[in-house]
Each structure stands twice: as C-alpha cells, then as structure tokens.
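**Q** have a look at this prediction, sequence included:
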Amino acid sequence: MRKKEFAVIGLGRFGGSICQELSREGMEVLAIDRDEEKVNQFKHIASHAVIADSTDETTLKELGIKNIDHVIVAIGDNIQASILTTVVLVELGVQRITVKAQNDYHAKILHKIGAHQVVHPERDMGRRIAHSIISNNIVDYLELSDDHSIVEVKAGKKMTGKSIIELDIRAKFGCTVVAIKQGRDINVSPTPDDILTENDILVVVGADKDIARFERQLV
Ligand code: ATP
Ligand code: ATP
Ligand code: CA
C-alpha cells in the first residue's frame with residue numbers, strides 16, 4: 001500500500017506542531033510557509049519544506065498538492081489567506097482538507113466553501129483547561145458536539161467505596177460511565193456493581209448540562 005502523504009500549510013506554533021508530530025510518526029509531510037525562516041526550521045524535520053504563498057493557485061498546482069491525501073491549513077491570523085487557500089484546495093479536488101479556524105464566523109465560511117474538517121485548537125484547549133481547573137479531579141475533557149462531551153474524572157471521596165448503581169449516576173445525572181481506567185488498565189464495559197476505588201478514573205459521556213451537574217455534585 002502507498003504511504004499516505006500530508007501537507008501542512010502555515011508553520012506557526014499549531015501547524016509546526018502538527019508537522020513535527022506527523023514527521024516523528026514517520027509520515028511523509030510537505031511543509032509549506034511563505035516565510036523563509038519558518039521553512040528553514042522545518043527543512044530537517046519534514047520530508048520536504050518549501051517557501052510558497054498558498055493563496056497562489058499556480059504554485060500549489062506545481063507542488064502537486066492535488067495528489068496529497070490530506071492537507072492541513074494552519075494559517076491563523078490572516079483569515080483571508082486561510083479562506084483563499086482553502087478555496088484553491090477544494091477547487092483542485094484535494095481528498096481531505098482540515099483547516100484551523102480563528103473564530104466561529106471563519107469556521108462557518110470554511111464549512112461553506114468545502115473544508116472537510118474545521119478545528120479550533122485555542123478554543124478547545126481553553127475549554128479543556130477550564131474544565132480541568134474547575135476541579136482537581138477532572139483530568140480531561142473532550143467535546144463531542146455542541147452540547148455533548150466526554151470527561152475523565154478521578155473518583156473523589158464521594159465516589160470511592162461505592163458502586164455505580166449506588167451512586168445512581170445515570171438516573172441522577174443522565175450521564176453514562178463508559179469506562180473506568182486504573183493506571184494502564186482500562187475496563188471498557190463497567191458493570192453497575194463495580195466498586196470504585198481511590199485511583200480510578202471514570203470516563204463519563206453525556207449532555208454538557210448533565211455533566212456540569214455531575215461535576216458539581218460528585219466530583
Ligand atoms: P500559531 O499557530 O502560532 O498560533 P497563528 O494562528 O497565529 O499561528 P499565523 O502566525 O498568522 O497564525 O500564521 C501561521 C503561519 O502561516 C506563519 O508562519 C505564516 O508565515 C504562514 N502563512 C500565513 N499566510 C500564508 C500564506 N498565504 N502562504 C503560506 N504561508 C502563510
Ligand atoms: P491567542 O490565544 O489568540 O493565540 P496569543 O497567544 O496570540 O493569543 P495575544 O493575542 O498576544 O496572545 O494576547 C492575548 C491577550 O492578552 C490579548 O487580548 C491581549 O490584549 C492580552 N494582553 C497582552 N499583554 C497583556 C498585559 N500585559 N496585560 C493584560 N492583558 C494583556
Ligand atoms: Ca495564535
């Protein structure tokens with residue numbers, strides 16, 4: 001099977017980090033930025049690093065971007081350049097396009113013009129950190145949709161020594177414990193009478209408002 005090829009356009013902190021991680025995982029990565037200094041930084045990290053303005057259709061064509069399996073547009077501040085680049089990629093028929101959005105308005109436009117995936121790293125990271133600092137027991141938070149999430153919480157004092165049925169989590173809070181992690185072990189089908197112990201981490205899925213109630217009362 002042919003190795004999957006990626007391109008990262010915009011080598012700021014976000015794009016640079018994607019480029020670095022993909023390369024570290026042994027992926028084929030074409031790194032693009034219009035800033036020569038940025039490109040030099042990635043010469044020895046990415047498979048190829050080129051100086052180019054991604055809003056220029058001819059340049060992207062010459063780079064053979066059309067044949068790249070997945071292109072990530074990580075231009076943040078310059079919304080116009082991000083949108084123009086995405087339009088060109090869509091028109092060239094790139095298979096998969098992921099774009100970083102600066103705000104909701106930007107995201108809406110990106111979806112409209114045909115980006116396959118729109119990501120909001122600063123917003124999402126901000127939310128995750130906010131949840132983790134509400135309580136020392138919340139270790140992670142992942143948004144599933146506009147109003148549903150998954151949280152990972154340490155079994156606090158109110159939970160240890162009790163079973164899931166005793167705590168009556170689903171009936172009381174409307175959220176579901178989908179897994180219990182203990183160190184490296186993970187139990188992906190917890191039963192209602194599994195007793196929670198001190199080092200357990202519960203993976204809980206539900207509506208945001210239900211999770212918020214769960215967090216306030218049990219975590
Ligand atoms: P960070 O990920 O660091 O937060 P950012 O979201 O603030 O970055 P910028 O710094 O505006 O985004 O852009 C990221 C990179 O994209 C920069 O290195 C910039 O040179 C590059 N860039 C911006 N416009 C273009 C373009 N038209 N063509 C190629 N690269 C571009
Ligand atoms: P982003 O999270 O959007 O990527 P950033 O990391 O690029 O942000 P800035 O935009 O430089 O960071 O700063 C974030 C905010 O911090 C801005 O709203 C700015 O007004 C504010 N700020 C910067 N310096 C100070 C300061 N000394 N006192 C108070 N606010 C500040
Ligand atoms: Ca930024």
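**A** Looks like it came in fine. Ligands and ions are numbered 1, 2, ... in the order given.

**Q** quick one: contacts for the one residue in the chain that gets nearest to ligand 1?
**A** Per C-beta to the nearest ligand atom, Gly76 is where the chain lies closest to ligand 1, at 1.8 Å. Every C-beta, even on glycine, is put in place using the N, C-alpha and C of the backbone. With contact set as C-beta atoms under 8 Å, 6 or more residues apart in numbering, Gly76 has these partners: Gly10, Gly12, Phe14, Ser82, Lys100, Gln102.

**Q** now do Ile18
**A** Counted by C-beta under 8 Å, 6+ apart, Ile18 has contacts Val8, Ile72, Ala74.

**Q** apply 10 Å and report the result again.
**A** For Ile18, the contacting residues are Phe6, Val8, Gly10, Leu11, Val29, Ala31, Ile72, Ala74, Thr98, Lys100, Val119, Pro121, by C-beta atoms under 10 Å, 6 or more residues apart in numbering.

**Q** including distance to Thr58, could those go into a markdown table?
**A** Converted to a markdown table, these look like this (distance: C-beta to C-beta, whole Å):
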| residue | distance to Thr58 |
| --- | --- |
| Phe6 | 22 |
| Val8 | 20 |
| Gly10 | 19 |
| Leu11 | 21 |
| Val29 | 22 |
| Ala31 | 19 |
| Ile72 | 21 |
| Ala74 | 22 |
| Thr98 | 23 |
| Lys100 | 24 |
| Val119 | 28 |
| Pro121 | 30 |
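
**Q** of these, list those near ligand 1.
**A** Near ligand 1, judged by C-beta under 6 Å from any ligand atom, the entries from the contacts of Ile18 are Gly10, Leu11.

**Q** what's the neighbour count on Phe14?
**A** Counted with other C-beta atoms under 10 Å, the neighbours of Phe14 add up to 18.

**Q** which strand or helix spans it?
**A** helix 13-24 (DSSP states H and E).

**Q** now that helix, how far from the centre of its chain.
**A** 13 Å (C-alpha atoms, centre = their mean, to the nearest Å).

**Q** what of stretch 150-167?
**A** 27 Å.

**Q** one more: stretch 107-119?
**A** Worked out by C-alpha atoms, centre = their mean, stretch 107-119 lies 15 Å from the chain centre.

**Q** thinking again about what came up before, which one of the contacts of Gly76 has the most neighbours?
**A** Gly10 (28 neighbours).

**Q** list the contacts of that one.
**A** 16, 18-19, 31-35, 38, 54, 72-78, 81-82, 85, 99-100.

**Q** in helices, which of these appear?
**A** Under the assignment DSSP state H, those contribute Gly16, Ile18, Cys19, Lys38, Ala81, Ser82, Thr85 to helices.

**Q** for the residues you listed, which one is nearest Ala179?
**A** Relative to Ala179, the closest of those is Ile18; by C-beta to C-beta it sits at 27.6 Å.
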